[in-house]
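**Q** model the following, please.
(chains A and B)
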Protein chains: 2
Amino acid sequence: MERIERHACFGGWQEIHRHRSKAVDGEMRFAIYLPPQAEAQRVPVLYWLSGLTCTEQNFITKAGAQGYAAEQGIAIVTCDTSPRGENVANDAAYDLGQGAGFYVNATVAPWSRHYRMYDYVVDELPALIEQHFPVTHKRAISGHSMGGHGALTIALKNPGRYCSVSAFSPIVAPARVPWGEKAFSTYLGSDRETWRAHDATDLVKTAEEKLLLLIDQGDADEFLSTQLQPELLQAAAAAAGHPLELRMRAGYDHSYYFVASFIGEHLAYHAKALHA
Amino acid sequence: MERIERHACFGGWQEIHRHRSKAVDGEMRFAIYLPPQAEAQRVPVLYWLSGLTCTEQNFITKAGAQGYAAEQGIAIVTCDTSPRGENVANDAAYDLGQGAGFYVNATVAPWSRHYRMYDYVVDELPALIEQHFPVTHKRAISGHSMGGHGALTIALKNPGRYCSVSAFSPIVAPARVPWGEKAFSTYLGSDRETWRAHDATDLVKTAEEKLLLLIDQGDADEFLSTQLQPELLQAAAAAAGHPLELRMRAGYDHSYYFVASFIGEHLAYHAKALHA
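**A** Numbers count the residues shown, from 1 in each chain, chains lettered A, B, ... in the order given. Now for the predicted structure:
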C-alpha cells in the first residue's frame, strides 16, 4: 500500500492510497478522510460508493463532506467504481466496463477476471482500512446513483455489517431499468434469476435485518423516471414491512450539487448510528 | 447572455451563463450562486477570482462555498481566469495565456487584443450582474493564488468599490516572483515601472482606503517561499500603516482542500461587511 496524496483538510487529512487488490486482481485506489479526532482515538467509518464514470476523486473534491465528517468525528472511505488499466476488460460506453463496475462479482468472461467490486467493497477494503488506519469496526455505507445501488444492496445482503445505510439518487431496481439491464446482462449473464441477488427491490423482500433505508432523491433528476424510479423500492419495502424513508427534494437534479446540499444531513444520520 | 447550466444547491441555484464581453472582445462564462434569500430580496455579491488554469467551474465544484453563502444570504460570482478560444492568443505553458490572465489589461500585442481581465472584473461583470440578477450594489472580493493577487490589487486600486477583501494563498508581490515576472513582462512589457500598478506590495503603500486585507495561507503550501511570500505584503502593509491580517495555517497546502477548509470563515467575514 502506498500513499499518493495527502492534504490537510478541516483539521484532518484527506489521503489517497493505492494498493494491490486480491479481489479485483489489480491495482486499486481509495481515498480516506481522517477527521481531527482520529489523532487521539479510533473513529468509525462511512464507506462511500460513487456513480458511473467516477473514480475515488469525485466525492472527495465535489461533495464537501469533510467539514461535516470533522464535526461528527467519522472517517470517510471512497473507492474507485471498477478495476482499471490496460489489461482490464472495458467498453467504449460510459455505463459499462471501467468506471461502471456496479458493485457485483462478474461471472461472465472476460469481466469475471477483474470485475469483483462486491468482494472488494464488502471484504477486502474494510479489512485493509481496519488494519492500517485509526478506525473502529463500526461501519456505515452510502453512495450516489450506481453507488446508491451498491450501498443499498450491500447493506441488505450483509446483516450486522453496517450500523446504517443511505443513498442519493440510487438505482433501486437495476434488474428493471436500462443501466442495470445492460450491466447485469454483461457481467452476470442472461439468466435474470441471478440478477435478483443484486437488486434492492428484490433483496428488501427477504432482508433479515430491518435497517432503515434512507434515500434522498431530487425531483428534477434527469434519470428519475427512466433509471431510478425510487417508488419501486418504496412499494417493495412497504410490502415487506421494511423501513424506508424517501425524501423527495424539489428542484434538485442528479449532480453533486444535490449530494453536497444534503450530505451534511446524511453524515449526521450516520454519525448518530456509528456513535450509538 | 445565455444561461447554460442551472442546478438547485443548498436551497438556492448554482447557474452558469455565457455572454459576449466588450472588455475582452469575446465570449466569457461566469457562474453565479443565488442563495435562497434571493427569491424574496436583493442580496449582496462576493466576487471570486480563481487561480492559474482555472475556469468558472473550479471554485463552484470544489470549494463547498454554497452552503455558507446560503446561510449568510450572499450571492457568489465566479468568472473565468482569461479570455478563451481559438482566436485568442495563447501559450503552451500553464502559467501564461489562456487560464492565466492575471487580472490586468495587457498592453503588449498580441495579448492586448483580448487580455483585458482587469476591466472585465472591475467594470463589465459587476454591471452585467447588477443589471440582470436580484443583487444589491454591495460587493466583496476574494480569490485564490493568482486570484488572490487579483482580489487584493483590484480592491486596493478601487476605493469604495468593495465592502471587504480577502485572499487565499495570494501572489502578493507578482513583480518580484517568477509567475508574476513571466506574466507581467509578457502582458505589460519590460518596463517594470508599469508593473507596480498591479502589485499589492506596491499598491498598499499609497492606498487611500484602509480596507483590511484578510489573508489565509497554508504553511505547507508548495509555492509559499517561491511564488507567494506573504511576508512581503505584511511588511509593506506594516510600513504603510495599512491593516492586514495574515493567518498562517499549519499543515495546509495550495489545494482547494485548503480553500474549502476556511471558505466558511471568509464568507462569514464578508457577510458581516456586506450586511453592515
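
**Q** got the phi and psi for the residue of the stretch 1-150 of chain A found nearest chain B?
**A** Nearest residue of the stretch 1-150 of chain A to chain B: A:Gly64, at 3.2 Å (Cβ to the nearest Cβ). For glycine as for every other residue, the C-beta is placed from the backbone atoms N, C-alpha and C. When quoted as degrees, to the nearest 10, the phi and psi of A:Gly64 stand at phi 60, psi 30.

**Q** that one contacts B:Thr61, correct?
**A** No. Counting by Cβ atoms under 8 Å, A:Gly64 does not reach B:Thr61; the two are 9.7 Å apart.

**Q** about what we covered before: next, count neighbours for the residue of the stretch 1-150 of chain A closest to chain B.
**A** 28 (other Cβ atoms under 10 Å in any protein chain shown).

**Q** and the pLDDT at it?
**A** Note for A:Gly64: predicted pLDDT of 98.

**Q** can you name the residues that contact it?
**A** A:Ala260, A:Ile263, B:Gly64, B:Gly67, B:Ala260 (Cβ atoms under 8 Å, 6 or more residues apart in numbering or on different chains).

**Q** thought A:Ile171 was touching A:Gln227?
**A** Yes. The criterion here is Cβ under 8 Å, and A:Ile171 meets it with A:Gln227 at 6.0 Å.

**Q** mutual contacts of the two, please.
**A** A:Val177, A:Trp179, A:Gly180.

**Q** confidence score at the last one?
**A** pLDDT, the model's per-residue confidence, is 98 for A:Gly180.

**Q** for A:Arg6, give the beta-bridge partners.
**A** A:Glu15 (DSSP bridges).

**Q** which ones are touching it?
**A** A:Arg6 is in contact with A:Trp13, A:Gln14, A:Glu15, A:Ile16, counting by Cβ under 8 Å, 6+ apart.

**Q** which phi and psi does the first one have?
**A** Its backbone dihedrals place A:Trp13 at phi -130, psi 130, with angles given as degrees, to the nearest 10.

**Q** OK, contacts around it?
**A** By Cβ under 8 Å, 6+ apart, the residues touching A:Trp13 are A:Arg6, A:His7, A:Tyr33, A:Leu34.

**Q** thinking again about what came up before, neighbour-wise, which of A:Ile171 and A:Gln227 wins?
**A** Counted by other Cβ under 10 Å, A:Ile171 and A:Gln227 do not tie: A:Ile171 has more neighbours, with 31 against 23.

**Q** so who does that one touch?
**A** With contact set as Cβ under 8 Å, 6+ apart, A:Ile171 has these partners: A:Ser145, A:Met146, A:Gly148, A:His149, A:Val177, A:Trp179, A:Gly180, A:Gln227, A:Leu228.

**Q** would CSV of these with secondary structure be doable?
**A** Shown next, in CSV, are the contacts of A:Ile171 (DSSP: H, G, I helix; E, B strand; the rest coil):
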residue, secondary structure
A:Ser145, coil
A:Met146, helix
A:Gly148, helix
A:His149, helix
A:Val177, coil
A:Trp179, helix
A:Gly180, helix
A:Gln227, helix
A:Leu228, helix
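
**Q** near chain B, which residues of chain A?
**A** Counting by Cβ under 8 Å from any Cβ of the partner chain, chain A comes close to chain B at A:7-11, A:14, A:61-62, A:64, A:66-67, A:218, A:220, A:249-253, A:255-258, A:260-261, A:264.

**Q** ChimeraX command for the buried members of those residues?
**A** Selection of buried members from those for ChimeraX, criterion 16 or more other Cβ atoms under 10 Å in any protein chain shown:
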select /A:7,8,9,10,11,14,61,62,64,66,67,218,249,252,253,255,256,257,258,260,261,264
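
**Q** show me the residues of chain A next to chain B that map onto strands.
**A** Among the residues of chain A next to chain B, the members found in strands (DSSP state E) are A:His7, A:Ala8, A:Cys9, A:Gln14, A:Gly218, A:Arg249.

**Q** the second one against B:Ala220, yeah?
**A** Yes. Look at A:Ala8 against B:Ala220 with Cβ under 8 Å: they come within range, at 6.8 Å.

**Q** report the set of residues contacting both of those two.
**A** Taking Cβ under 8 Å, 6+ apart as the criterion, A:Ala8 and B:Ala220 both touch B:Ala250, B:Gly251, B:Tyr252, B:Asp253.

**Q** and the third one, what does it touch?
**A** Which is B:Tyr252. A:His7, A:Ala8, B:Gly218, B:Asp219, B:Ala220, B:Asp221, B:Phe258, B:Ser261.

**Q** and the last one, how far is that from chain A?
**A** Remark: distance between B:Ser261 and chain A (Cβ to the nearest Cβ, to the nearest Å) = 5 Å.

**Q** now the fifth one
**A** The span separating B:Ala220 from chain A equals 7 Å under the rule Cβ to the nearest Cβ.

**Q** run through the residues that contact that residue.
**A** Residues near B:Ala220 by Cβ under 8 Å, 6+ apart: A:Ala8, B:Ala250, B:Gly251, B:Tyr252, B:Asp253.

**Q** would you mind measuring from it to A:Gln14?
**A** Separation of B:Ala220 from A:Gln14 (Cβ to Cβ, to the nearest Å): 13 Å.

**Q** how about the spatially most central residue of chain A, what does it touch?
**A** Geometric centre of chain A, nearest residue: A:Leu49, 2.3 Å, by Cα atoms, centre = their mean. Neighbouring residues of A:Leu49 by Cβ under 8 Å, 6+ apart: A:78-79, A:81, A:103, A:121, A:141-144, A:146-148, A:150-151, A:154.

**Q** from these, which land in strands?
**A** Of the contacts of A:Leu49, the ones assigned to strands by DSSP E are A:Thr78, A:Cys79, A:Ile141, A:Ser142, A:Gly143.

**Q** dump the contacts of A:Arg6 to CSV, plus distance to A:His132 and pLDDT.
**A** Output for the contacts of A:Arg6, formatted as CSV (distance: Cβ to Cβ, whole Å; pLDDT from 0 to 100):
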residue, distance to A:His132, pLDDT
A:Trp13, 14, 98
A:Gln14, 16, 98
A:Glu15, 11, 98
A:Ile16, 14, 98
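
**Q** now do the strands in chain A.
**A** A:2-9, A:12-21, A:26-34, A:43-49, A:75-79, A:135-143, A:164-168, A:213-218, A:244-249.
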